[in-house]
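Visitor: Fold the following and give me the result.
(chains A and B)
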2 protein chains.
Amino acid sequence: MTAERKGPLIVAVGSGKGGVGKSTLTANLAIALAKKGVKVGLVDADIYGPSQPVIFGTQGQKPQAEGNKPIPLDSKYGVPHLSMGHLVAPGKALAWRGPMAAGALGQLVEAHWAADTEVLLIDLPPGTGDVQLTMVQKFKPAGAVLVSTPQDLALIDAARAGQLFDTAGVPIIGLVENMSGYACPSCGEVSDPFGAGGVEAAAERLELPFLGRIPLDMAIRQGSDAGEPPAAGDGAMAEPFLAIADKVQAWISARS
Amino acid sequence: MTAERKGPLIVAVGSGKGGVGKSTLTANLAIALAKKGVKVGLVDADIYGPSQPVIFGTQGQKPQAEGNKPIPLDSKYGVPHLSMGHLVAPGKALAWRGPMAAGALGQLVEAHWAADTEVLLIDLPPGTGDVQLTMVQKFKPAGAVLVSTPQDLALIDAARAGQLFDTAGVPIIGLVENMSGYACPSCGEVSDPFGAGGVEAAAERLELPFLGRIPLDMAIRQGSDAGEPPAAGDGAMAEPFLAIADKVQAWISARS
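Guide: Predicted coordinates:
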């Protein structure tokens, strides 16, 4: 598989820091793109903390294989996906050194994706280690989406991740601000436990597109824990993901 | 350096998932222990997302070296510390494969710590990769503290990290619940954007001590971003860290 290969466009979703909602964004972005008619697959490359089986409600399922290649799992949301979490027991540590982790990434990316798959979203682990290096060097994504909370500490790490893509010549599609504003369930007043506006300001400073913000909301956390991603529904919490999917789809169309 | 070596007791602070407040806990736990008279040093082993220079307000400082070994930086909080963040420019990605990352960990742990250092707290990166494996295999910590938010997705990853320590024979000192309850700054009502009680329940299930909970609070985030860790002050936000430090100190005393 090289940059010249025919096949799905690879879009990486990264963050410098963990716990900023990267997996939640990736799942909901994939579902929102599928809703718009894009044929999308999802690879959970967060090998040390695979969240997609829980988010998609497919934990415990084992992918079949055809000629050594795993067949992605279907989901009720129209997004075939594969995760290291499907290959190991829950609570079982994937205590792997880098080369094994990088090899596992290859298995997932080069799985039996349907021939008409247009876009493969990759949920990267946080940081800038072996999996990310293998991703950019071997599988050269067409573009990358960066996620951060507005907190300074998260932004610093997001800049680091952005630099990794830059250096590798992977264009950054844009930045997403997550956990942006929390409406008190009691009085409705919105406050900002993680700050506000920092990601949009960082996008301006770095001259990168700002793709949108997603509020901190219990419905998103509960949906993620329960295998009911909000983008699949028609509640208010689907909207920010659909708006971001519009921009990513526009980027993809402009590219092809 | 082996398990038999004389020197500081190594206590690792780990989490399966990133962004759960591990760095904030490590810094404030170190400061709280120092307040109680414990001679404590801190190693920021989160090589891909080093946060301690920002939390301690020492970003931009360069550690001196003596005979190839870096000399830990002082801080106004009585906690000498060293971080990969001190060795690279901000926003510069440490795009290192595993062996380099593991080598860097060795440099930090085997630095010029004062001879009377009793405890060395290690802020581990999230996950179960090269740095964690080198940590448990080469530097064999005396014990580990695990941090998680109450969210199911974070708890699953925390269990994975716990299993890594277990397998390596590193005793788990206990679990800390972070981002537990958020008081609306407008009406004061406490709600739980990340759920509540999940970590204490997990500790019971796993028959591990529960060390305490830290609320989601803007003062903690702002303090962490501004180099003013709350444990150093005498505000309400110092208390949960001091209470956790009491339990860790008791564990250390019982051990020696």
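Visitor: What count of nearby residues applies to residue A:168?
Guide: Neighbours of residue A:168 under the rule other Cβ atoms under 10 Å in any protein chain shown: 16. Just so you know, the C-beta spots here come from the backbone N, C-alpha and C atoms, and that holds for glycine as well.
Visitor: which residues touch it?
Guide: Listed by Cβ atoms under 8 Å, 6 or more residues apart in numbering or on different chains, the contact partners of residue A:168 are A:136-137, A:140.
Visitor: from what I can see residue A:61 touches residue A:85, true?
Guide: No - Residue A:61 sits out of contact with residue A:85 when judged by Cβ atoms under 8 Å, with a separation of 9.9 Å.
Visitor: which of the contacts of residue A:168 has the most neighbours?
Guide: residue A:136 (21 neighbours).
Visitor: Kindly confirm my reading that it forms part of a strand.
Guide: No - using DSSP: H, G, I helix; E, B strand; the rest coil, the secondary structure at residue A:136 is helix, not a strand.
Visitor: Using CSV, list the CA coordinates for stretch A:223-243.
Guide: Only the C-alpha atoms of stretch A:223-243 are listed here, as CSV (Å, rounded to 0.1, in the frame of the first residue of the first chain):
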residue,chain,number,x,y,z
GLY,A,223,-24.2,7.7,24.3
SER,A,224,-20.5,6.8,24.0
ASP,A,225,-20.6,4.5,27.0
ALA,A,226,-23.8,2.9,25.8
GLY,A,227,-23.1,2.2,22.1
GLU,A,228,-25.5,4.9,21.0
PRO,A,229,-23.4,7.6,19.3
PRO,A,230,-25.3,10.9,19.3
ALA,A,231,-24.7,11.6,15.5
ALA,A,232,-26.9,8.5,14.8
GLY,A,233,-29.9,10.1,16.4
ASP,A,234,-31.7,13.3,15.6
GLY,A,235,-31.2,15.1,18.9
ALA,A,236,-29.5,18.4,19.3
MET,A,237,-26.2,16.6,20.0
ALA,A,238,-26.1,15.3,16.4
GLU,A,239,-25.9,18.8,15.0
PRO,A,240,-22.3,19.7,15.8
PHE,A,241,-21.1,16.4,14.3
LEU,A,242,-23.1,16.9,11.1
ALA,A,243,-21.7,20.4,10.7
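Visitor: Of the contacts of residue A:168, just say which sits nearest to chain B.
Guide: Top of the list for closeness to chain B, among the contacts of residue A:168 and by Cβ to the nearest Cβ, is residue A:136 at 8.8 Å.
Visitor: gap between the closest one and residue B:202?
Guide: Noted for residue A:136: a distance of 36 Å to residue B:202, by Cβ to Cβ, to the nearest Å.
Visitor: Next: residue A:36.
Guide: For residue A:36, the distance to residue B:202 equals 39 Å [Cβ to Cβ].
Visitor: Burial check on the closest residue to residue A:151 other than its chain neighbours, number of neighbours?
Guide: Using Cβ to Cβ, 6 or more residues apart in numbering or on different chains and skipping the chain neighbours, the partner closest in space to residue A:151 is residue A:194 (4.8 Å). By other Cβ under 10 Å, 24 other residues sit near residue A:194.
Visitor: Phi first, then psi, for residue A:194.
Guide: Backbone torsions for residue A:194, taken as degrees, to the nearest 10, come to phi -110, psi 20.
Visitor: Per-residue pLDDT of it, please?
Guide: Residue A:194 carries a pLDDT score of 92 in this model.
Visitor: thinking again about what came up before, more neighbours: which of residue A:61 and residue A:85?
Guide: Taking neighbours as other Cβ under 10 Å, residue A:61 and residue A:85 compare with residue A:85 leading, 26 against 15.
Visitor: Just confirm the more buried one contacts residue A:56, I think it does.
Guide: No - with contact defined as Cβ under 8 Å, residue A:85 does not count as touching residue A:56 (9.9 Å).
Visitor: Could you list the low-pLDDT ranges of chain A?
Guide: Within chain A, the stretches with pLDDT under 70 are A:1-6, A:90-93.
Visitor: any idea how far residue A:221 is from the residue located most distally from the centre of chain A?
Guide: Distance from the C-alpha centroid of chain A peaks at residue A:187, with 32.4 Å (Cα atoms, centre = their mean). Per Cβ to Cβ, residue A:187 is found 20 Å from residue A:221.
Visitor: for residue A:16, same thing?
Guide: In this structure, residue A:16 and residue A:221 are 21 Å apart, going by Cβ to Cβ.
Visitor: Tell me which of the two has more neighbours.
Guide: Comparing residue A:16 with residue A:221 by other Cβ under 10 Å, the one with more neighbours is residue A:16, at 29 against 22.
Visitor: Just give the closest residue to the more buried one, not the sequence neighbours.
Guide: Of all residues not flanking residue A:16 in the chain, residue A:157 sits nearest, at 2.6 Å (Cβ to Cβ, 6+ apart).
Visitor: Is residue A:61 located within a helix, as I assumed?
Guide: No - under three-state DSSP, residue A:61 falls outside any helix and is assigned coil.
Visitor: Quick one: residues contacting it.
Guide: Counting by Cβ under 8 Å, 6+ apart, residue A:61 has contacts A:53, A:73, A:86.
Visitor: mind redoing it with 6 Å?
Guide: Listed by Cβ atoms under 6 Å, 6 or more residues apart in numbering or on different chains, the contact set of residue A:61 reads residue A:73.
Visitor: What are the boundaries of the helices in the stretch 1-150 of chain A?
Guide: If DSSP state H, counting those that start in this stretch is used as the criterion, the helices of the stretch 1-150 of chain A fall at A:22-35, A:52-55, A:98-109, A:130-138.
Visitor: ok, and for the longest one, which residues are buried?
Guide: Judged by neighbour count using 16 or more other Cβ atoms under 10 Å in any protein chain shown, the buried positions of helix A:22-35 are A:22-35.
Visitor: for the second one, same thing?
Guide: Neighbour counts over helix A:52-55 (16+ other Cβ under 10 Å) mark A:52-55 as buried.
Visitor: And the strands in chain A, which stretches?
Guide: With DSSP state E as the criterion, chain A has strands at A:9-14, A:40-44, A:65-66, A:69-70, A:81-83, A:119-123, A:143-148, A:172-183, A:190-191, A:210-216.
Visitor: Reformat the ones you listed into JSON lines and put distance to chain B next to each item.
Guide: Converted to JSON lines, the strands of chain A look like this (distance: least, Cβ to the nearest Cβ, whole Å):
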{"stretch": "strand A:9-14", "distance to chain B": "11"}
{"stretch": "strand A:40-44", "distance to chain B": "12"}
{"stretch": "strand A:65-66", "distance to chain B": "24"}
{"stretch": "strand A:69-70", "distance to chain B": "21"}
{"stretch": "strand A:81-83", "distance to chain B": "12"}
{"stretch": "strand A:119-123", "distance to chain B": "12"}
{"stretch": "strand A:143-148", "distance to chain B": "10"}
{"stretch": "strand A:172-183", "distance to chain B": "6"}
{"stretch": "strand A:190-191", "distance to chain B": "5"}
{"stretch": "strand A:210-216", "distance to chain B": "5"}
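Visitor: Please produce JSON lines containing these, extended by mean neighbour count.
Guide: Shown next, in JSON lines, are these (neighbours: other Cβ atoms under 10 Å in any protein chain shown):
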{"stretch": "strand A:9-14", "mean neighbour count": "24"}
{"stretch": "strand A:40-44", "mean neighbour count": "27"}
{"stretch": "strand A:65-66", "mean neighbour count": "10"}
{"stretch": "strand A:69-70", "mean neighbour count": "16"}
{"stretch": "strand A:81-83", "mean neighbour count": "28"}
{"stretch": "strand A:119-123", "mean neighbour count": "25"}
{"stretch": "strand A:143-148", "mean neighbour count": "26"}
{"stretch": "strand A:172-183", "mean neighbour count": "24"}
{"stretch": "strand A:190-191", "mean neighbour count": "16"}
{"stretch": "strand A:210-216", "mean neighbour count": "22"}
